[in-house]
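Enquirer: Sequence and predicted structure, then a few things I'm wondering about:
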Amino acid sequence: MSTRIAFLKGHGTENDFVIVPDPENVIDLSPAAVAALCDRRAGIGGDGLLHVVRSAAHPEARDMAAEAEWFMDYRNGDGSVSEMCGNGVRVFARYLQRVGHVAEGDIAVATRGGVKTVHVAKDGDVTVGMGKARLPEGDVTVSVGERSWPARNVNMGNPHAVAFVDDLALAGDLYSPPPFSPPAAYPEGVNVEFVVDRGPGHVAMRVHERGAGETRSCGTGACAVAVAAARRDGADPAVTGTHATYTVDVPGGTLVITERPDGQIEMTGPAVIVAEGEIDAEWLENAIR
């Protein structure tokens, strides 16, 4: 390992990430190393880590290399692996554009949730094709303290439980994962969104992200919320032939989610690179001992 490792820091609606460029996949990013880097007091700090790897160099992405040159090897802040991160893929694409790996316009990014199409503007917002939502059958309940709410099970390449509440304060502190039932609904845990209405086509949410706790934003969560809100409101673009668009306020800003009649979901929001520097490899080795 080299004595220093390059990194950047970025965020999308204040969902923040440590970015580690590693085109040939030579840096050993163990769960302990990722957790140390994402530690907000002793490390760089972030909700997660974006490991930037060429698809052809990563065993989980080689079969996507013909479609997408770059693979977003996403890790949660606790070091665990995640299938997809909507805010993360926007920041990932902004990084690729910033360093000249891609030009502005439409690009493809490989993720564990499949290949995502991203439209990168030179400045301003980034739009991500998030794919289609799956709506697994079965009733789900989430709880905070003595209160429980029915939740909509939505899968955006990663699992979500969406609960509509009267007040976002009812979600509590969201430090710990809100209990859910039945346990079989989410055998590997779940992202839980609590949602209130702000007006027609306009909602606000708080989220507990699996492996990270409460975050300032969650892109896949905002998509799940928009789909759940549309179905609750009687809107299914596949049936009506009309786009369903929701503005979703998150603590860190605003995302705009559109579900098209073909089921494809698009998410638009900001993506910002705020800093770059070097990680001291000796510090990292000591941090994970």
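Expert: Done, it's in.

Enquirer: Could I get the full set of strands for the stretch 1-150 of the chain?
Expert: For the stretch 1-150 of the chain, the strands defined by DSSP state E, counting those that start in this stretch cover 4-12, 15-21, 48-54, 70-76, 105-111, 114-120, 126-132, 140-144, 147-155.

Enquirer: Minimum distance to Ala238: which of those strands has it?
Expert: Distance to Ala238, taken as C-beta to C-beta, is lowest for strand 126-132 among the strands of the stretch 1-150 of the chain, at 9.6 Å. Quick note: C-beta positions are derived from backbone N, CA and C, even for glycine.

Enquirer: any idea of the mean pLDDT in that closest one?
Expert: Per-residue pLDDT over strand 126-132 has a mean of 95.

Enquirer: With mean neighbour count and distance to Ala36 as extra columns, can I get the strands of the stretch 1-150 of the chain in JSON lines?
Expert: JSON lines is the format used below for those (neighbours: other C-beta atoms under 10 Å; distance: least, C-beta to C-beta, whole Å):
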{"stretch": "strand 4-12", "mean neighbour count": "21", "distance to Ala36": "12"}
{"stretch": "strand 15-21", "mean neighbour count": "25", "distance to Ala36": "10"}
{"stretch": "strand 48-54", "mean neighbour count": "23", "distance to Ala36": "10"}
{"stretch": "strand 70-76", "mean neighbour count": "25", "distance to Ala36": "12"}
{"stretch": "strand 105-111", "mean neighbour count": "20", "distance to Ala36": "24"}
{"stretch": "strand 114-120", "mean neighbour count": "20", "distance to Ala36": "28"}
{"stretch": "strand 126-132", "mean neighbour count": "22", "distance to Ala36": "29"}
{"stretch": "strand 140-144", "mean neighbour count": "19", "distance to Ala36": "30"}
{"stretch": "strand 147-155", "mean neighbour count": "19", "distance to Ala36": "31"}
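
Enquirer: out of those strands, nearest to Trp283?
Expert: strand 4-12 (10.0 Å).

Enquirer: Out of the strands of the stretch 1-150 of the chain, which gets nearest to Pro182?
Expert: That would be, of the strands of the stretch 1-150 of the chain and by C-beta to C-beta, strand 140-144, which comes in at 7.6 Å.

Enquirer: Distance to Val248 added to the strands of the stretch 1-150 of the chain, as a markdown table?
Expert: Formatted as a markdown table, the strands of the stretch 1-150 of the chain follow (distance: least, C-beta to C-beta, whole Å):
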| stretch | distance to Val248 |
| --- | --- |
| strand 4-12 | 13 |
| strand 15-21 | 13 |
| strand 48-54 | 19 |
| strand 70-76 | 21 |
| strand 105-111 | 21 |
| strand 114-120 | 18 |
| strand 126-132 | 13 |
| strand 140-144 | 18 |
| strand 147-155 | 13 |
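
Enquirer: closest one to Val192 among these?
Expert: Going by C-beta to C-beta, the one of the strands of the stretch 1-150 of the chain nearest Val192 is strand 140-144, 5.4 Å.

Enquirer: Tell me which other helices or strands that closest one touches.
Expert: Identification of packing neighbours for strand 140-144 by 3 or more C-beta pairs under 8 Å, 6 or more residues apart in numbering; DSSP states H and E yields strand 147-155, strand 159-164, strand 180-181.

Enquirer: got the angle for it vs strand 147-155?
Expert: Angle, strand 140-144 to strand 147-155, by axes from the mean of the first three to the mean of the last three C-alpha atoms, to 10 degrees: 130 degrees.

Enquirer: so strand 140-144 versus strand 159-164, what angle?
Expert: Going by the same axes, to 10 degrees, strand 140-144 makes 70 degrees with strand 159-164.

Enquirer: Off-centre distance for strand 140-144?
Expert: Offset of strand 140-144 from its chain centre (C-alpha atoms, centre = their mean, to the nearest Å): 22 Å.

Enquirer: what's it in contact with?
Expert: Strand 140-144 is contacted by residues 148-153, 161, 163, 170-172, 178-182, 185, 192 when judged by C-beta atoms under 8 Å, 6 or more residues apart in numbering.

Enquirer: One more: stretch 192-206?
Expert: Contacts with stretch 192-206, where a contact means C-beta under 8 Å, 6+ apart, come from 142, 151, 160-168, 170-171, 174, 177-178, 180, 207-208, 214, 218, 221-222, 224-226, 228-229, 245-251.

Enquirer: again with stretch 63-70
Expert: Stretch 63-70 has contacts (C-beta under 8 Å, 6+ apart) with 52-56, 61, 71, 92, 96, 101-102, 108-110, 114-115.
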